[in-house]
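# Okay, here's the prediction I keep looking at, along with the sequence it came from:
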Amino acid sequence: MTKSERQFLGRVAEQGCILCRRLGHPGTPAEIHHLRSGMGKGQRNTNQNVIPLCPEHHRGNTGYHGLGRRAFERMYGVTELDLLRETWEVMDSGRAERISHNNWSTADEAEYHQNIQSMAKVVHWEAA
């Protein structure tokens, strides 16, 4: 894993659990969940196709790995791709805010295009 990827994953996790946010509890500490959508057993998605989930929603009994994909989707009425879309929107709004406050560098923009844009491709491809 590159330094840039580690930094990106850290920023994704800093957003807090995307499912807790959706349920009205923003800011819950999160860890990284690599999307399983489109992956075979034992395969891991790229470090760009990730969402922040708290330990319970990630690995707990009521989480993605505890329940399995189908039960998770039924329980919360949301898919991994829905949560990826929401994560991308949160990350993208953070970019807009930093730009408006003149707190966005050329290096930030390059990293954004490297990491966030791959999330956007998945989000927009699934919407089409």
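Looks like it arrived, so ask away. Bear in mind that the values here come from a model prediction, so they are computed numbers and not experimental data. Numbering: from 1, shown residues only.
# contacts, neighbours, all on C-alpha from now
Noted.
# where does this protein have low pLDDT?
Residues of the chain that meet the criterion pLDDT under 70 lie in 37-45, 114-128.
# For it, which segments are assigned as strands?
31-34, 50-53 (DSSP state E).
# which helices and strands does the last one pack with?
Other helices and strands packing on strand 50-53, by 3 or more Cα pairs under 8 Å, 6 or more residues apart in numbering; DSSP states H and E, are helix 3-14, helix 18-22, strand 31-34, helix 80-100.
# okay, now residue 75: neighbour count?
Neighbours of residue 75 under the rule other Cα atoms under 10 Å: 12.
# actually residue 29, sorry about that
Based on other Cα under 10 Å, the number of other residues close to residue 29 is 16.
# shouldn't it be in contact with residue 12?
No - with contacts counted by Cα atoms under 8 Å, residue 29 stays clear of residue 12, the gap being 10.9 Å.
# I'd like the strands of the chain written out as CSV, with distance to residue 66 and mean neighbour count added.
Conversion of the strands of the chain to CSV gives the following (distance: least, Cα to Cα, whole Å; neighbours: other Cα atoms under 10 Å):
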stretch, distance to residue 66, mean neighbour count
strand 31-34, 13, 22
strand 50-53, 13, 28
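# now the helices and strands packed on strand 50-53 in CSV, with distance to residue 74?
Below are these laid out as CSV (distance: least, Cα to Cα, whole Å):
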stretch, distance to residue 74
helix 3-14, 24
helix 18-22, 14
strand 31-34, 18
helix 80-100, 12
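# quick one: which of the ones you listed is nearest residue 107?
Of all these, helix 3-14 sits nearest to residue 107, with 10.5 Å by Cα to Cα.
# For that closest one, give me every contacting residue.
Contact partners of helix 3-14, identified using Cα atoms under 8 Å, 6 or more residues apart in numbering, comprise 29-32, 47-48, 50-53, 87, 91, 111, 115.
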